[in-house]
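In: Here is my input; please provide its structure:
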Amino acid sequence: MEIDQDVARQMFEEGGTLLITGMPVGTEFGIDMNSWNVGEKFKGVKMIPPGLHFVYFSAVNRQGDVAPRTGFFHVFKQRELLVRTYDPVNEDLNPDDTNPDQVERIRANLKDLDKNLGAYPLDSWRKWVSFTQHISEQQLLQMLPLSGKIYSAPQLVAAKPTDMETSATSPEPGKQTRDLPEMEVKPGTEFGFVKIPKKPYKDGASPAEMTKYSMDSSYIVGQLLGQVKNPVDLVGELQFSFVCFLVGQVWEGWEHWRKLVEALCRAEETLLANPDLYNKVLSTLHFQIHEVPEDLFVDIVESNNFLASVLSTLFANIHDSAGNLPTNLVAKARKFKNHIQTKYKWDLSIEMEDDAPVVVQTD
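Out: Numbers count the residues shown, from 1 in each chain. This next block holds a predicted model:
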């Protein structure tokens, strides 16, 4: 897709710039849905649209082996200049210690660096917005690890044993032990995701409530909504966790996304109480499923067919409650179901006389 010259000129003047110094040739570098291998003249990216972006990189050795991915989110302001320096010892991008006066001098000379700056692929911007539009800056700060970094490989450190554990496991004098140390997640690298209840019903629930909410996950979703400022923030977390998985290659992002999707799709009471939330949920899931490479997504979901199962439940709930839901939500669900059935060949049809939808995966 060819970029209009007037738009390109405006983005050069008004867009953000990421200046990177010292990144080794061959490093895998990316921003949002785009990635490249760094060349000798690479100094960063220009024409970055204002808003939320994800910057990431992976070291590549001489044999072509790619290290785990590291990245960070940043909300670019209009005409912002962000400077990062590559640390070869830790293979990390660190904030540059350039003072504001130096930044302004760099800004004044950006045209001299133009040939070393790659242009942000503006034709991919709409797709990125569809993945992240509900992630607010305030919510981002709550979900991000304290370190501000997103690591595809878990950052682990040896757990410190208690005095009792040390006494119980210390080897006898003159003997050595080869036991591996117990590992734990490095403090500051944990995500600030909402906590998903372990039980689908409240403490002290009656047998009838236990039965009901074991099938209808509205209690779980209610607890999740109680942890966010606005209902749309739950959609923002759905987007954030998915991007962390898809682009950041973080398995924890996938696991959290899966749990959120399952809870939202099975919450019949919440659907009736908050149809606007589900309008956004359907749009978000549509973009996520539509834009992911088909082979990747099928490999992930086919092992237990979880996605077909929970979406069948959601479509059944919307169908059964159609008279009490906005017509645009019902129409959107029907269109989304047809799209999935065509794309993945899943049979998500609902027989009116059946007590529950039957999900059959076809070859």
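In: Low-confidence stretches in the stretch 101-250 of the chain?
Out: Along the stretch 101-250 of the chain, segments meeting pLDDT under 70 span 161-180.
In: So which residues of it form helices?
Out: Here the stretch 101-250 of the chain has its helices, by DSSP state H, counting those that start in this stretch, at 125-132, 137-143, 163-169, 207-215, 218-225, 232-246.
In: which helices and strands sit right next to the second one?
Out: Judged by 3 or more Cβ pairs under 8 Å, 6 or more residues apart in numbering; DSSP states H and E, helix 137-143 is in contact with strand 70-76, helix 232-246. Bear in mind the C-beta positions are built from the backbone N, C-alpha and C, glycine included.
In: The longest one now?
Out: Secondary structure elements in contact with helix 232-246, counted by 3+ Cβ pairs under 8 Å, 6+ apart, are helix 125-132, helix 137-143, helix 218-225, helix 251-265, helix 275-291.
In: again, 10 Å this time
Out: strand 51-58, strand 70-76, helix 125-132, helix 137-143, helix 218-225, helix 251-265, helix 275-291, helix 294-301 (3 or more Cβ pairs under 10 Å, 6 or more residues apart in numbering; DSSP states H and E).
In: Dump the ones you listed to TSV, plus distance to residue 339.
Out: Formatted as TSV, these follow (distance: least, Cβ to Cβ, whole Å):
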stretch	distance to residue 339
strand 51-58	26
strand 70-76	29
helix 125-132	14
helix 137-143	28
helix 218-225	24
helix 251-265	16
helix 275-291	7
helix 294-301	13
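In: With distance to residue 187 and mean neighbour count added, can I get the ones you listed in a markdown table?
Out: Below are those laid out as a markdown table (distance: least, Cβ to Cβ, whole Å; neighbours: other Cβ atoms under 10 Å):
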| stretch | distance to residue 187 | mean neighbour count |
| --- | --- | --- |
| strand 51-58 | 22 | 22 |
| strand 70-76 | 18 | 20 |
| helix 125-132 | 27 | 17 |
| helix 137-143 | 17 | 15 |
| helix 218-225 | 25 | 21 |
| helix 251-265 | 16 | 20 |
| helix 275-291 | 31 | 18 |
| helix 294-301 | 30 | 13 |
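In: Least confident of these, on average?
Out: When these are ranked by mean pLDDT, helix 294-301 comes last with a mean of 66.
In: Run the angle between the following helix or strand past that helix and helix 275-291 for me.
Out: Scanning forward in sequence from helix 294-301 by DSSP states H and E, the next helix or strand is helix 306-320. Per axes from the mean of the first three to the mean of the last three Cα atoms, to 10 degrees, the angle that helix 306-320 makes with helix 275-291 is 140 degrees.
In: could I get the helices of the stretch 101-250 of the chain as JSON lines with distance to residue 266?
Out: As requested, the helices of the stretch 101-250 of the chain are arranged in JSON lines below (distance: least, Cβ to Cβ, whole Å):
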{"stretch": "helix 125-132", "distance to residue 266": "24"}
{"stretch": "helix 137-143", "distance to residue 266": "23"}
{"stretch": "helix 163-169", "distance to residue 266": "41"}
{"stretch": "helix 207-215", "distance to residue 266": "7"}
{"stretch": "helix 218-225", "distance to residue 266": "8"}
{"stretch": "helix 232-246", "distance to residue 266": "14"}
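In: and of those helices, who's closest to residue 59?
Out: helix 232-246 (19.8 Å; Cβ to Cβ).
In: can you give me the strands for the stretch 1-150 of the chain?
Out: Using DSSP state E, counting those that start in this stretch, the strands of the stretch 1-150 of the chain run over 16-21, 28-31, 34-37, 44-48, 51-58, 70-76, 81-87, 92-95, 117-119, 150-151.
In: Pipe those into TSV and attach distance to residue 107 per row.
Out: Conversion of the strands of the stretch 1-150 of the chain to TSV gives the following (distance: least, Cβ to Cβ, whole Å):
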stretch	distance to residue 107
strand 16-21	8
strand 28-31	19
strand 34-37	24
strand 44-48	12
strand 51-58	19
strand 70-76	14
strand 81-87	5
strand 92-95	17
strand 117-119	13
strand 150-151	28
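In: And those: which comes nearest residue 126?
Out: That would be strand 51-58 among the strands of the stretch 1-150 of the chain, by Cβ to Cβ, at 11.9 Å.
In: relative orientation of that closest one and helix 125-132 in degrees?
Out: Using the same axes, to 10 degrees, strand 51-58 lies at 90 degrees relative to helix 125-132.
In: still on that earlier bit, how about the helices of the stretch 101-250 of the chain, which one is nearest residue 155?
Out: Comparing these under Cβ to Cβ, the one sitting nearest is helix 232-246, at 14.2 Å.
In: CA atoms only for that closest one, dumped as CSV, please.
Out: Taking C-alpha atoms only, helix 232-246 is exported to CSV below (Å, rounded to 0.1, in the frame of the first residue of the first chain):
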residue,chain,number,x,y,z
VAL,A,232,-14.1,-1.4,29.3
ASP,A,233,-10.8,-1.9,31.2
LEU,A,234,-11.5,-5.6,31.2
VAL,A,235,-11.5,-5.5,27.4
GLY,A,236,-8.3,-3.5,27.6
GLU,A,237,-6.8,-6.3,29.7
LEU,A,238,-8.1,-8.8,27.1
GLN,A,239,-6.2,-6.9,24.4
PHE,A,240,-3.0,-6.3,26.5
SER,A,241,-2.6,-10.0,27.5
PHE,A,242,-3.2,-11.1,23.8
VAL,A,243,-0.6,-8.6,22.5
CYS,A,244,1.9,-9.8,25.1
PHE,A,245,1.4,-13.3,23.8
LEU,A,246,1.2,-12.6,20.0
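In: buried sites along that helix?
Out: 232-246 (16 or more other Cβ atoms under 10 Å).
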